[in-house]
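Enquirer: return a 3D structure for these sequence lines:
(one chain, ligands or ions: 1)
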Amino acid sequence: MTSNTLPISRSRKMGQFQIGRLAYGCWRFSGTSLPEARKKINTALEIGANLIDTAAIYGFGKEGFGGAEAALGDLLDADKGLREQMVLVTKAGIHPPIPYDSTKENLIQSCEASLQRLKTDRIDVFLIHRPDLLTPHEEVADALNTLRRQGKILEAGVSNYTLSQTRALQAFMEFPFAAIQPEISAMTTETLFDGTLDMCQEWSITPMAWSPLAAGALASGEGSADQGQLSRIMAELNRIADFTNTTPDIIALAWLLAHPARIVPIIGSQKTERISAASAALDVKLARQDWYSILTASLGHKLP
Ligand code: NAP
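Expert: Predicted structure coming up:
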């Protein structure tokens, strides 16, 4: 009989970097004032979330394309020394009104613009934000290989790619992917079954999970298109949270952390108290039975 609770490590490798098991995301960060940005990023770093995730597109529709990178760049400029405390991830390839453009020229221009906005000399991990169906994998890889040879990026990866798209792109790369970033949460479990998380273990790739609380639905119990699925999951999260004296959002994060691919959930809250509280997920002793009961609640049927 194995141990009844699932181990959660405190840190892991992402390519050449050592990172905490929680990350902090800047999707909702644009428009943040300098003092607020300072509080949020420092709170993330205090809980060990040293991976800071952003993207060129974040801010579009609000402060504008690049708004989130610019807010973070202003902070990095003001607080010298902060940059060395973080592993900086950004993404390229979404350029409204054209949905996706991962041509070599565009990826290189986008990376250079991100470097300027972020006021830094290198991107630690550069991700293709979404697959561009019209650019050959060979050309996308050429852009990433070129940027790495130039020292503008140190590691690379993909976001929202299928398993076969990831494998096809990797085939043209001069270096292995360090990371991928799919949506993963108790509400969105496809990567557990489609081979994505197996690939991560096979190739030592770090899976980050975007919207780990399903954009807040797994904290509030509201706001999902599938209210039936959300209600089933919330019943399990609340049951386990009551038993372990914590809250459902913490159990939802622990559920990701306990997966053997060592998923790194990206915290999206803009409230420092919630960023801080997320660290409790690292201490949850989730029972094997409870992990599976959350999964079956999500699927809506028993496992075979
Ligand atoms: P999330 O953690 O699933 O959702 C964050 C939202 O939930 C915020 O609006 C937050 O509101 C709310 N929330 C958190 N805790 C709550 C609580 N206890 N009660 C009620 N509401 C709560 O993550 P996300 O922001 O959707 O995504 C996280 C990161 O993933 C992003 O910042 C970005 O870096 C990345 N991302 C990547 C992609 C991609 O395509 N690669 C797509 C989406 C996101 P408050 O701010 O008020 O706390």
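Enquirer: mind listing the helices for this structure?
Expert: Using DSSP state H, the helices of the chain run over 34-46, 67-78, 104-118, 137-149, 163-170, 190-193, 196-203, 217-220, 227-244, 248-257, 272-277, 288-299.
Enquirer: now the angle from the fifth one to helix 196-203?
Expert: To tie it back to what came earlier, the one meant is helix 163-170. Here the directions of helix 163-170 and helix 196-203 differ by 30 degrees (axes from the mean of the first three to the mean of the last three CA atoms, to 10 degrees).
Enquirer: my read is that residue 229 contacts residue 187, right?
Expert: Yes - counting by CB atoms under 8 Å, residue 187 is a contact partner of residue 229 at 6.6 Å. Just so you know, the C-beta spots here come from the backbone N, C-alpha and C atoms, and that holds for glycine as well.
Enquirer: who has more neighbours out of the two?
Expert: Legend: neighbour count by other CB atoms under 10 Å for residue 229 and residue 187, higher for residue 187 (21 against 18).
Enquirer: now do the more buried one, the pLDDT please.
Expert: Note for residue 187: predicted pLDDT of 98.
Enquirer: before we move on, back to that, between residue 229 and residue 187, which contacts overlap?
Expert: Residues touching both residue 229 and residue 187 (CB atoms under 8 Å, 6 or more residues apart in numbering): residue 298.
Enquirer: list the buried residues for stretch 102-111?
Expert: Neighbour counts using 16 or more other CB atoms under 10 Å place 102-104, 106-108, 110-111 of stretch 102-111 among the buried residues.
Enquirer: got a list of contacts for it?
Expert: By CB under 8 Å, 6+ apart, the surrounding residues in contact with stretch 102-111 are 56, 92-93, 95, 123, 126, 128, 131-132, 135, 139-140, 142-144, 146-147, 152-153.
Enquirer: got it, and stretch 164-178?
Expert: With CB under 8 Å, 6+ apart, stretch 164-178 has contacts from 14-17, 125, 128, 131, 137-138, 140-142, 144-145, 148, 155-158, 161, 180, 196, 199, 203-206.
Enquirer: re the thing from before, and the furthest pair within the buried residues of stretch 102-111?
Expert: Farthest-apart pair in the buried residues of stretch 102-111 is 103 and 111; separation 12.7 Å (CB to CB).
Enquirer: I'd guessed residue 8 sits against residue 291; true?
Expert: No - applying CB under 8 Å as the test, residue 8 and residue 291 come out as separate, 11.3 Å apart.
Enquirer: what sits in contact with each of those two?
Expert: residue 258.
Enquirer: show me which residues of the stretch 1-150 of the chain sit near the ligand.
Expert: By CB under 6 Å from any ligand atom, the residues of the stretch 1-150 of the chain that approach the ligand are 25-28, 53.
Enquirer: check those and tell me the two furthest apart.
Expert: 28 and 53 (11.6 Å).
Enquirer: what about those two, which has more around it?
Expert: Using other CB under 10 Å, the more surrounded residue of residue 28 and residue 53 is residue 53, with 29 against 15.
Enquirer: who does the more buried one bridge with?
Expert: Per DSSP bridges, the residues bridged to residue 53 are residue 25, residue 89.
Enquirer: now do the same for the residue most central in space within the chain: its pLDDT.
Expert: Residue closest to the average C-alpha location in the chain (CA atoms, centre = their mean): residue 208, at 3.8 Å. pLDDT recorded at residue 208 is 98.
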